[in-house]
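**Student:** Generate coordinates for the sequence data below:
(2 chains)
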Amino acid sequence: AQSVTQLGSHVSVSEGALVLLRCNYSSSVPPYLFWYVQYPNQGLQLLLKYTSAATLVKGINGFEAEFKKSETSFHLTKPSAHMSDAAEYFCAVSDGGGATNKLIFGTGTLLAVQP
Amino acid sequence: DTAVSQTPKYLVTQMGNDKSIKCEQNLGHDTMYWYKQDSKKFLKIMFSYNNKELIINETVPNRFSPKSPDKAHLNLHINSLELGDSAVYFCASSLSGAYTGELFFGEGSRLTVL
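**Tutor:** Numbers count the residues shown, from 1 in each chain, chains lettered A, B, ... in the order given. A predicted model of the protein is given here:
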């Protein structure tokens, strides 16, 4: 069975500081990995996805993530935090498309950005 | 145009009542889902439909009955509501031919059971 673990339910950074949100996965097949962001009272928006084409994936709003098979990790980073980055971030795993596809989500990390 | 739209956005109701949430997607996708997000923000899949056929049913109580009249619509009816049903319910869609399995989500429907 696939799963993802997000380390740290709350992360607080200062504006302009590096953002690092951690995600480790478990999968018996090559995984497809995603980061979604949820702003308050909104739905989930895709930030970026790993599809095996490249291990370093760039997403929207300056975020990127690196797939490390040896560490079974897919951590999300952003060099300089903005106030507008404050949100809940979810890591998710899929075993690919097809009629039985589903995303398995981590428990989320709430990012707070201090002025 | 909203890609995945859900109505209503908010429901407040008493225990024991029945309620429905509707979802529509205009992305041309063939697979639709219901996810439940609890008060701790944990997201768990409930159901998925592919071309109107139920594919995934994740041990959800049978008080929850999804219905897909066509591949662009997926509704969720909940009978005899309980306090524990209070949550945000998200509809999502995907294209089964898309190998990555990316999901597109609606804005959510916040259900409060009193």
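**Student:** Show me what from chain A comes close to chain B.
**Tutor:** Proximity of chain A to chain B (Cβ under 8 Å from any Cβ of the partner chain) is limited to residues A:32, A:34, A:36, A:38, A:41-46, A:49, A:51, A:88, A:90, A:94-105, A:107-108, A:110. The C-beta positions use only the backbone N, C-alpha and C, and glycine is treated the same way.
**Student:** Whichever of these end up buried, select them in ChimeraX.
**Tutor:** Here is the ChimeraX selection string for the buried members of those, based on 16 or more other Cβ atoms under 10 Å in any protein chain shown:
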select /A:32,34,36,38,43,44,46,49,51,88,90,94,95,97,98,101,102,103,104,105,108,110
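**Student:** Inside strands: which ones of the residues of chain A next to chain B?
**Tutor:** Judged by DSSP state E, strands contain the following of these: A:32, A:34, A:36, A:38, A:44-46, A:49, A:88, A:90, A:94, A:104-105, A:110.
**Student:** List phi and psi for B:L83.
**Tutor:** With angles defined as degrees, to the nearest 10, B:L83 sits at phi -60, psi -40.
**Student:** That one touches B:M15, doesn't it?
**Tutor:** Yes. Counting by Cβ atoms under 8 Å, B:L83 does reach B:M15; the two are 6.3 Å apart.
**Student:** residues shared between the contacts of those two?
**Tutor:** Common contacts of B:L83 and B:M15 (Cβ atoms under 8 Å, 6 or more residues apart in numbering or on different chains): B:V113.
**Student:** Now do the contacts for residue 47.
**Tutor:** Assuming you mean chain A. Going by Cβ under 8 Å, 6+ apart, A:L47 touches A:F34, A:W35, A:Y36, A:V37, A:G59, A:I60, A:N61, A:F63, A:L76, A:Y89.
**Student:** My question was about chain B, not that one.
**Tutor:** Contact analysis of B:F47 by Cβ under 8 Å, 6+ apart lists B:Y33, B:W34, B:L54, B:I56, B:N57, B:E58, B:V60, B:F64, B:P66, B:L74, B:L76.
**Student:** Is the residue most central in space within chain A bridged to anything, and to what?
**Tutor:** Nearest residue to the geometric centre of chain A (Cα atoms, centre = their mean): A:W35, 3.1 Å. Taking DSSP bridges as the rule, A:W35 bridges to A:L48, A:C91.
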